[in-house]
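Novice: pasting the structure only:
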């Protein structure tokens, strides 16, 4: 028996040891790369809405990466995609969203914990009774931790499904009952079910892809739709830890499950980065509300009487401005033409797009950082370059590639426009200043305005640089300084 057990134990130890050494960073990079390639293959083999208006393969790859990293940077009009292609993009956004990938991370943590338990079981063969008792106590602790992870995974899944289903019903009902919104879809030959599915998945995952070329600008006067989508974007990213903590606290009042108590009291031991203490959640919520408030005041005060809000009544201006500033952090949906926004506001947007989603201000030193330290352990060999350094290099490379355009077309290819596009890609936001033929100093008779982003006018190498920026931005939480309050370097 001992001869048979020895190699099995050795092999299991080797497997567990090698698996535990694989950082979540590399697993996520492999996941996003595989998902992007598969998405591109499927999109390339499906017919677009108009067979004569088929996007180039490189643009399809760019779109697939953008959807997987929930960046929503666009190089083609969204209305060129067929309903089937839009459905594929929805799947890519769903699988690449932060909440879904966090559930996968939780499953990996559970698997690793289970393997550690099995390894201890095999190691206990031949031990004394005292050692066996010690291993038994350790395994009991692992059992509770494993069960708590399983319980947390179930709660996150319920949260995930409930938000999506309820939001889908609300958006579908709104479109069906409000003639103006229904007329927009009819004019664009868009199905209510397809539009609602893409919109709620895109908003919850903070991607920002919508089936309409104009994004939310065609729904500028549909205040009800905007009010449905505003909290949905916060539920899926910036305030996800806050709402998750609230849900767990409510459950504790109606249940005395041991796993629930463990989750709330030992959140740092579970390795789930989105599970924060009540103290940190409070300040995360206050910081988020503070950022929204500052943006709202600045945006309204500087844009109230501008061309940006022309034709809107006061209530439409207020709701539209609130929708825009909430989307600036990460969701990337736009109800206004950002090319009309003053440079001062654009600079503010750039700063807020750069900040990680869980940036928060603490009045005293944050001592509850065990979970963050565990996640970043072993990553110093990769994400050691500061984000600012990386972004400056990316901006310089793009400026070099687009030097001729910057000389011939300086109003469109300005440094501010390039910086805005790169920071938007890094923050996985998706906002863009776009491109306008009217701003050309040397008018080109063949120029046609398009609704896709500014990056759509770049050359292939510049687009490739932005692909790297989007992927780097998607895994920015693994940077050794990522997410620390107010640290921009």
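Specialist: Structure received. Predicted, not measured: the structure shown is a model, and the values here were computed from it. Numbers count the residues shown, from 1 in each chain.

Novice: Could you use CA atoms for every contact and neighbour count after this?
Specialist: OK.

Novice: pull the longest helix from this protein.
Specialist: Looking across the chain with DSSP state H, the single longest helix is helix 129-177.

Novice: can you list the domains in the chain?
Specialist: Per automatic domain parsing, the structural domains of the chain span 2-235, 375-478.

Novice: Reformat those into a markdown table and put mean neighbour count next to each item.
Specialist: Shown next, in a markdown table, are the domains of the chain (neighbours: other C-alpha atoms under 10 Å):
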| stretch | mean neighbour count |
| --- | --- |
| domain 2-235 | 18 |
| domain 375-478 | 18 |
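
Novice: of all those domains, which lies closest to residue 319?
Specialist: domain 2-235 (6.6 Å; C-alpha to C-alpha).

Novice: Please state the offset of the longest helix of the chain from the chain centre?
Specialist: Put simply, helix 129-177 sits 21 Å off its chain's centre (C-alpha atoms, centre = their mean, to the nearest Å).

Novice: and if you look at stretch 197-209?
Specialist: Worked out by C-alpha atoms, centre = their mean, stretch 197-209 lies 10 Å from the chain centre.

Novice: Equivalent analysis for stretch 66-86, please.
Specialist: Worked out by C-alpha atoms, centre = their mean, stretch 66-86 lies 15 Å from the chain centre.

Novice: Same question for stretch 239-256.
Specialist: Centre-to-centre, stretch 239-256 and its host chain are 22 Å apart (C-alpha atoms, centre = their mean).

Novice: Contacts for it, please.
Specialist: Where contact means C-alpha atoms under 8 Å, 6 or more residues apart in numbering, the residues beyond stretch 239-256 that reach it are 156, 159, 234-235, 260-261, 264, 274-278, 281-282, 284-285, 288, 358.

Novice: Can you select the buried ones from these in PyMOL?
Specialist: Of the contacts of stretch 239-256, the buried ones go into a single PyMOL selection, burial set by 16 or more other C-alpha atoms under 10 Å:
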select buried, resi 156+159+234+235+260+261+264+274+275+276+277+281+282+284+285+288+358
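
Novice: Take the contacts of stretch 239-256 and keep only those in helices.
Specialist: Short answer: those in helices (DSSP H) are 156, 159, 234-235, 260-261, 264, 278, 281-282, 284-285, 288.

Novice: From these, pick the one nearest residue 464.
Specialist: Among those, and counting by C-alpha to C-alpha, the member closest to residue 464 is residue 234, at 29.8 Å.

Novice: How about that closest one: what's its closest non-neighbour residue?
Specialist: Spatial nearest neighbour of residue 234, excluding adjacent residues (C-alpha to C-alpha, 6 or more residues apart in numbering): residue 240 at 6.8 Å.

Novice: so what pLDDT did the one you found get?
Specialist: If you check residue 240, the pLDDT there is 95.

Novice: can you check residue 121 too?
Specialist: pLDDT, residue 121: 54.

Novice: Contacts for the helix or strand containing residue 62, please.
Specialist: For residue 62, the enclosing helix or strand under DSSP states H and E is helix 57-68. Residues from elsewhere that reach helix 57-68 (C-alpha under 8 Å, 6+ apart): 32-33, 35-37, 39-40, 43-44, 72-76, 89, 92-93, 95-97, 207, 209, 463, 467, 470-471.

Novice: Inside helices: which ones of those residues?
Specialist: With DSSP H as the criterion, helices contain 32-33, 35-37, 39-40, 43-44, 89, 92-93, 95-96, 463, 467, 470-471 from among those.

Novice: Point out where the chain drops to low pLDDT.
Specialist: Within the chain, the segments meeting pLDDT under 70 span 1-22, 117-140, 363-385, 479-489.

Novice: Now do the strands in it.
Specialist: In the chain, no strands are defined using DSSP state E.

Novice: Tell me how many other residues surround the closest residue to residue 145 other than its chain neighbours.
Specialist: Spatial nearest neighbour of residue 145, chain neighbours left out: residue 270 (7.3 Å); criterion: C-alpha to C-alpha, 6+ apart. Around residue 270 sit 19 other residues, with neighbours defined as other C-alpha atoms under 10 Å.

Novice: right, and residue 270 touches residue 142 too?
Specialist: No: using C-alpha atoms under 8 Å, residue 270 is not in contact with residue 142, being 10.9 Å away.

Novice: and residue 333, backbone torsions?
Specialist: With angles defined as degrees, to the nearest 10, residue 333 sits at phi -80, psi 150.

Novice: dump the residue contacts of the residue nearest to it when sequence neighbours are not counted.
Specialist: Distance criterion C-alpha to C-alpha, 6+ apart; nearest residue to residue 333, sequence neighbours excluded, is residue 208 at 4.9 Å. By C-alpha under 8 Å, 6+ apart, the contact set of residue 208 is 70-72, 202, 331-333, 429-430.

Novice: backbone phi and psi for residue 208, please?
Specialist: The phi and psi values for residue 208, taken as degrees, to the nearest 10, are phi 100, psi 0.
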